[in-house]
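**Q** Sharing a model that was predicted from the sequence below.
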Amino acid sequence: DAGVTQSPTHLIKTRGQQVTLRCSPKSGHDTVSWYQQALGQGPQFIFQYYEEEERQRGNFPDRFSGHQFPNYSSELNVNALLLGDSALYLCASRKTTQETQYFGPGTRLLVL
Amino acid sequence: GDSVTQMEGPVTLSEEAFLTINCTYTATGYPSLFWYVQYPGEGLQLLLKATKADDKGSNKGFEATYRKETTSFHLEKGSVQVSDSAVYFCALSDYGGSQGNLIFGKGTKLSVKP
């Protein structure tokens, strides 16, 4: 049973560019959440997707957007990258009827 | 808003020492509480959880008890191993109110020396 997978594992971009990160949830899971983990900090909630719609959003600007596909996989898009967007981006999935979330290994984004 | 506070790290222990990592929370509802562990270069793994007051979560020798009266969920292990070296995160999830997104503490780095 595959767990949550994310791609790519590492990414280097320059300021002002755009980036897309991808996530495949654990088998049987239909809800996907994205978190940003800055170096030395705990993860911060970005948004959650269910039934292809954004169900809830944390305190992140509109430069952060997402999408969920019919197969429950998800993308996180960040436009106009800033140096401060450098972080580990974590995807987590769960069944909508259960509260325990399972995390992927993350994508480490470096903005130069 | 809801929040989680963890003891500052890093924590350095010798192998077989007793471990306590303190965690307290603030929440308006009735949250579930979690401990996640992050090994170097990896994502988060669920270590244990408790969903209501007085519940005890346990896994791999780690334990934590949901204390509503002190709003705490301290992580303990009787005898740590070198392989326990990692960053530990306390988190809450107000499933009913916020549909399950997690609020994390800042993490506590544990180093266990042989």
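**A** Yep, it's here.
**Q** Residue A:78 - how many residues pack around it?
**A** Counted by other CB atoms under 10 Å in any protein chain shown, the residues lying close to residue A:78 total 24. All C-beta spots, glycine's among them, are computed from the backbone N, C-alpha and C.
**Q** Now do it against residue A:104, distance only.
**A** Residue A:78 sits 17 Å away from residue A:104, taking CB to CB, to the nearest Å as the criterion.
**Q** Ignoring the adjacent residues along the chain, who's closest to the residue in chain B that chain A sits nearest to?
**A** Using CB to the nearest CB, residue B:104 is the residue of chain B that sits closest to chain A, at 3.4 Å. With sequence-adjacent residues excluded and distances taken as CB to CB, 6 or more residues apart in numbering or on different chains, residue B:104 is closest to residue A:42, at 3.4 Å.
**Q** Can I take it that the one you found is in a helix?
**A** No - counting by DSSP: H, G, I helix; E, B strand; the rest coil, residue A:42 is located in no helix; its state is coil.
**Q** Tell me which residues touch it, please.
**A** B:4, B:89, B:91, B:104-107 (CB atoms under 8 Å, 6 or more residues apart in numbering or on different chains).
**Q** From residue B:64, how far out is it?
**A** From residue A:42 to residue B:64 the distance is 17 Å (CB to CB).
**Q** what does residue B:1 give?
**A** 23 Å.
**Q** Pick out whichever of the two has more residues nearby.
**A** residue B:64 (26 against 8).
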